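Engineer: Mind looking at a prediction? Sequence and model below.
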Amino acid sequence: MATLLDPNARGRVILVGAGPGDPGLLTIRAVQALRQADVVVHDGLIDLRVLDMAPPHAHRISVAKRRARHTLPQESINALIIAHVKAGAIVVRLKGGDPFIFGRGGEEVEAVRAAGLPVEVVPGVSAALGCAAEAMLPLTHRDWSSAVSFVAGQCKGLKDQDWSGLAGKGRTLVIYMGVATCPDIADKLIADGVAPDMPVAVIEKGTLDGHRAMRTLLADLGAMVEREKVQSPAIIVVGEVVMLADAEDKMAAWAKAAETLA
């Protein structure tokens, strides 16, 4: 049985994870897919060097999304992909990180399969894994954490989300898309029983130029994000493993946070 990456197989979708940003973190299979693309439907944070891996003739279509401003609703993106596939194109749907971690990849696979069209998924290095590795921050560690959870910080009804048990001693919580709501996130976690002095890291623009890794304590999270003028893309890591991070603060943030709690 021929693989979907067979260049002779026309009219198909390859859903590709582009990783956290650095083109060097693309998988070999992702590069192979890009080189076959007739159409590349991509997110807004994809590095231009990654897009350049597609053939010059490939049609590049941005469906960039920003907080509170979507260029296309998800249903329209699905329809766009399906229309190009039905026209016989090899469509590479290029997503930052991994398509199946807060990337709506599952929804797009369902839509393509419901249309009776072939689809393959090429996983990518997730933002959490790539950014944490760059900051020398192990999300699990035999001495500090035996479990890790991923949540989205922009979910509707944030206060109603049940995060109990996801953060605390021996556990690591990674929060995607949480910069804008970080004060509410800190309040929620503390209300759920997480200690106010739990270490927290904010990793901004991980694997990209200008990346920063900053540490503080949970009670100081919102204030630190404001002080440092943190911008998306960024992830928030909550847990004792943060003490192992190679952050740029050189412990200065800990002192500021301790003053806040004093």
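Structural biologist: Here it is on my side, so go on. Residues are numbered from 1 along each chain as shown.

Engineer: doesn't residue 150 fall inside a strand?
Structural biologist: Yes. The assignment for residue 150 is a strand, going by DSSP: H, G, I helix; E, B strand; the rest coil.

Engineer: What sits closest to it if chain neighbours are left out?
Structural biologist: residue 174 (5.0 Å; Cβ to Cβ, 6 or more residues apart in numbering). (Each C-beta comes from the backbone N, C-alpha and C, glycine too.)

Engineer: now residue 184
Structural biologist: residue 158 (5.8 Å).

Engineer: on that earlier part again, show the average pLDDT along the helix or strand where the residue nearest to residue 150 lies.
Structural biologist: Residue 174 belongs to strand 170-176 when assigned by DSSP states H and E. Strand 170-176 comes out with an average pLDDT of 96.

Engineer: So which elements touch that strand?
Structural biologist: helix 127-134, strand 145-152, strand 234-238 (3 or more Cβ pairs under 8 Å, 6 or more residues apart in numbering; DSSP states H and E).

Engineer: which of the ones you listed is buried the deepest?
Structural biologist: Most buried of the helices and strands packed on strand 170-176 by mean neighbour count (mean count of other Cβ atoms under 10 Å) is strand 234-238; its value is a mean of 26.

Engineer: what about it, distance to the chain center?
Structural biologist: Remark: strand 234-238 is offset 11 Å from the chain centroid, using Cα atoms, centre = their mean, to the nearest Å.

Engineer: And the contacts of that strand?
Structural biologist: With contact meaning Cβ atoms under 8 Å, 6 or more residues apart in numbering, strand 234-238 is reached by 127-128, 131-132, 137, 139, 153, 167, 172-176, 178-179, 182, 185, 189, 194, 198-206, 218, 221, 245.

Engineer: ranges for the helices of this structure?
Structural biologist: Ranges of helices in the chain, per DSSP state H, are 28-36, 48-51, 74-86, 105-114, 127-134, 182-191, 221-227, 252-261.

Engineer: which strands and helices sit next to the fourth one?
Structural biologist: Looking back up the chat, that one is helix 105-114. strand 12-17, helix 74-86, strand 119-122.

Engineer: Packed most tightly, which of those would that be?
Structural biologist: Neighbour counts (mean count of other Cβ under 10 Å) averaged over each of the helices and strands packed on helix 105-114 peak at strand 12-17, with a mean of 26.

Engineer: any idea how far that one is from the chain center?
Structural biologist: Averaging C-alpha positions (Cα atoms, centre = their mean) puts strand 12-17 17 Å from its chain's average.

Engineer: I'd assumed residue 153 was in contact with residue 181.
Structural biologist: Yes. Look at residue 181 against residue 153 with Cβ atoms under 8 Å: they come within range, at 5.0 Å.

Engineer: mind listing what residue 222 touches?
Structural biologist: Neighbouring residues of residue 222 by Cβ under 8 Å, 6+ apart: 182, 183, 186.
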